[in-house]
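Trainee: missing the sequence, but the structure's below:
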Ligand SMILES: NC(=O)c1ccc[n+]([C@@H]2O[C@H](COP(=O)([O-])OP(=O)(O)OC[C@H]3O[C@@H](n4cnc5c(N)ncnc54)[C@H](O)[C@@H]3O)[C@@H](O)[C@H]2O)c1
Ligand SMILES: O=C(O)[C@H](O)COP(=O)(O)O
């Protein structure tokens, strides 16, 4: 039997659970709630939480919002709604725009998939608090409000396509949300559409078709222009631009390109000259736009630039509507500067019904169809589903837009060093005495490899995560590490030390120094006055190899006790005895000393956290001058 219960009761229950989960240190549960609607009304009632298995309740982490989207026709009906919950630990992925079946199947193998299309911005903001990932195409604005409304749960936004101008990347980064796209699967489709628009514009295919369908036979009216021998300026020589250039060459056109960031040799390899912006637009018979929409490219074709073009130029746009000042284009068309335009994209999509551009007789239009082939959509769906699932599993995404992209083989090699970096950061910051603010951190990477061979962004991000997480409640990941450090006023500088020797390993050692702070373990302060820890990777395991001026060697697993004592017999036994009596397992012990029977630092790896009493007794051993317990 299902007992109806007002939403507020369940809310209370969820709230209670949530606070408990926080007490336990749970910051970010992947738990999810699947909601099945049996009927609906504006006064929603839910099945009694008492009926939910206790074991399942422990996975509840999110409060169900009251304003679940309910179809309008159902809202008007009187009967109360009953919602049946099923709970599991799967993440939830919201697919907000149509995605190919192969992608959906892939997602379903890993997560609960909610395909809800045409959501209003408010509905999206409501739903998002129940989702771990969101997949969109170009039709959904993923605004700052979406990230704010997610309450920190949204971990990945997948853009099933190339352009990410509909995603607020700054907000995503600030919220530690990874944005991935599918940058390759629709390249050919977009290039083919560009060529389709180019050829049909030149031969008036769309206008002639409409005229015939209107019962006319106007052979003289639709005389076109030839493409062979004409100059095509490809603006933006990236993936799509390159493919358009290749195809247009096959049509006998002369291709020039403008792209401030494209390598000249790549252009030369396919017989294309890279030229300046002004040269491109002033010498071209046809201009095809293939750059992203950015502040620098916004309205880049404007009155001033139209006035520099050859009279009778023809323009194709399959990039983004916003790169053209549309009012200026209408003026240029009316003035005869631009003879024709073929547009797949618009500043506002869909454009207003009375758009002068859409209705202009010299303009042909398609409703953002560049990526819309069966093949491209299947490819995009798989590409984005794999990227999103991978990201949810914690893998680094090769198509990350707001985080360092690291090729899989490099990542494999860097993995133990990434762990080393994070642990060193975690250790170093715990050595800082309370009250000293961390402001300046210096990272040193010593390697026998050439500087270009080592991408340190990943290492820096993970060291930053290690530095910040123990001293704050902020969730730090690869995405928001730099942002979070900056926000907290921590200046992180990096330096490379080139070592002689074999470049077989990417790194020999990593050093983390925190300047201008006091330490709760004075021996961690180096000769130059900073807290200093150093580590190496040995047989794939991260090791701490130096603390302050003392050489140690302890694997960075579990927890570590650092003791400074006068070097003398029996110290290992004394400390080991106290820990043994508490059933605390010692994984490693290492003593670094400045000289026989002089000062020594002992590093002890322990699997469990010793009791306060045991730590106190270690501190009371007469030869121990200071000690510190560090949780990794
Ligand atoms: N109509 C569609 O359905 C459709 C389909 C796919 C791609 N696109 C759009 O096409 C564009 C290109 O996609 P892509 O996959 O080739 O991207 P890409 O990143 O491979 O290429 C973009 C190129 O533009 C260049 N660029 C950047 N700023 C520039 C500037 N100021 N002037 C000239 N060039 C500049 C970049 O250096 C890069 O080489 C994007 O805007 C994308 O959103 C549209
Ligand atoms: O940037 C893109 O990938 C294209 O504009 C395709 O957008 P769409 O996925 O909305 O078709």
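Mentor: On my side now, so go ahead. Since the model is a prediction, treat every value here as computed from it, not as a measurement. Ligands and ions are numbered 1, 2, ... in the order given.

Trainee: Pull the number of nearby residues for residue 225.
Mentor: 15 (other CB atoms under 10 Å). Using the backbone N, CA and C atoms, a C-beta is placed for each residue, glycine as well.

Trainee: again with residue 231
Mentor: 16.

Trainee: beta partners for it?
Mentor: Residue 231 forms beta bridges with residue 254, as assigned by DSSP bridges.

Trainee: That one and residue 283 touch, don't they?
Mentor: Yes. Using CB atoms under 8 Å, residue 231 is in contact with residue 283, at 5.9 Å.

Trainee: Check the contact lists of these two and give me the overlap.
Mentor: Jointly contacting residue 231 and residue 283 under the rule CB atoms under 8 Å, 6 or more residues apart in numbering are residue 256.

Trainee: Identify the residues contacting the closest residue to ligand 1 within the stretch 351-500 of the chain.
Mentor: Going by CB to the nearest ligand atom, ligand 1 is nearest to residue 370 of the stretch 351-500 of the chain, at 2.4 Å. Shown in contact with residue 370 (CB under 8 Å, 6+ apart): 186, 189-190, 193-194, 318, 344-345.

Trainee: three-state assignment of it?
Mentor: Recorded secondary structure, residue 370: coil (DSSP: H, G, I helix; E, B strand; the rest coil).

Trainee: One more: residue 560?
Mentor: Applying three-state DSSP: residue 560 is strand.

Trainee: show me where pLDDT drops low in the stretch 451-600 of the chain?
Mentor: 593-598 (pLDDT under 70).

Trainee: Strands of that one, start to end?
Mentor: 491-498, 509-515, 531-538, 541-547, 550-555, 559-566, 586-593, 599-606 (DSSP state E, counting those that start in this stretch).

Trainee: Does anything pack onto the first one? Which helices or strands?
Mentor: Counting contacts by 3 or more CB pairs under 8 Å, 6 or more residues apart in numbering; DSSP states H and E, the secondary-structure elements packed against strand 491-498 are strand 440-447, helix 457-468, helix 481-487.

Trainee: tell me the most buried of the ones you listed?
Mentor: When you average the neighbours per residue for each of these (mean count of other CB atoms under 10 Å), helix 457-468 leads with a mean of 25.

Trainee: List the contacts of that helix.
Mentor: Contact with helix 457-468 is made by 396, 403-404, 406, 411, 414, 417-419, 421-429, 438, 441, 443, 445, 474, 476-478, 481-482, 484-485, 488, 490, 492, 494, 510, 512, as judged by CB under 8 Å, 6+ apart.

Trainee: Which positions within stretch 512-527 qualify as buried?
Mentor: 512-515, 517, 519-521, 523-526 (16 or more other CB atoms under 10 Å).

Trainee: could you show me where the strands are in the stretch 251-400 of the chain, in order?
Mentor: Counting by DSSP E, counting those that start in this stretch, the strands of the stretch 251-400 of the chain are 254-258, 273-274, 286-289, 313-317, 338-343, 363-365.

Trainee: Can you give me the distance of the residue of the chain found nearest ligand 1 to residue 253?
Mentor: Of all residues in the chain, the one sitting closest to ligand 1 is residue 238 (1.8 Å; CB to the nearest ligand atom). Taking CB to CB, to the nearest Å as the criterion, residue 238 is separated from residue 253 by 19 Å.

Trainee: same check, this time on residue 581
Mentor: Separation of residue 581 from residue 253 (CB to CB): 85 Å.

Trainee: quick one: which of those two has more around it?
Mentor: Per other CB under 10 Å, whichever of residue 581 and residue 253 has more neighbours is residue 253, with 20 against 10.

Trainee: Report the distance from the longest helix seen in the chain to the chain centre.
Mentor: What stands out as the longest helix in the chain, according to DSSP state H, is helix 408-430. How far helix 408-430 lies from its chain's middle: 19 Å, per CA atoms, centre = their mean, to the nearest Å.

Trainee: residues contacting the closest residue to residue 580 other than its chain neighbours?
Mentor: Distances taken as CB to CB, 6 or more residues apart in numbering place residue 586 nearest to residue 580, at 7.8 Å, with adjacent residues excluded. With CB under 8 Å, 6+ apart as the criterion, the residues that contact residue 586 are 576, 579-580, 604-606.

Trainee: filter those to the buried ones?
Mentor: 579, 604-606.

Trainee: what would those look like in CSV with distance to ligand 1?
Mentor: Output for the buried ones among the contacts of residue 586, formatted as CSV (distance: CB to the nearest ligand atom, whole Å):
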residue, distance to ligand 1
579, 57
604, 52
605, 47
606, 50
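
Trainee: and those, which two are the farthest apart?
Mentor: The span of the buried ones among the contacts of residue 586, defined through CB to CB, is set by 579 and 605 at 10.8 Å.

Trainee: Which residue or residues pair with the residue most central in space within the chain through a beta bridge?
Mentor: In the chain, the centroid-proximal residue (CA atoms, centre = their mean) is residue 178; its distance is 2.2 Å. Legend: beta-bridge partners of residue 178 under DSSP bridges are residue 156.
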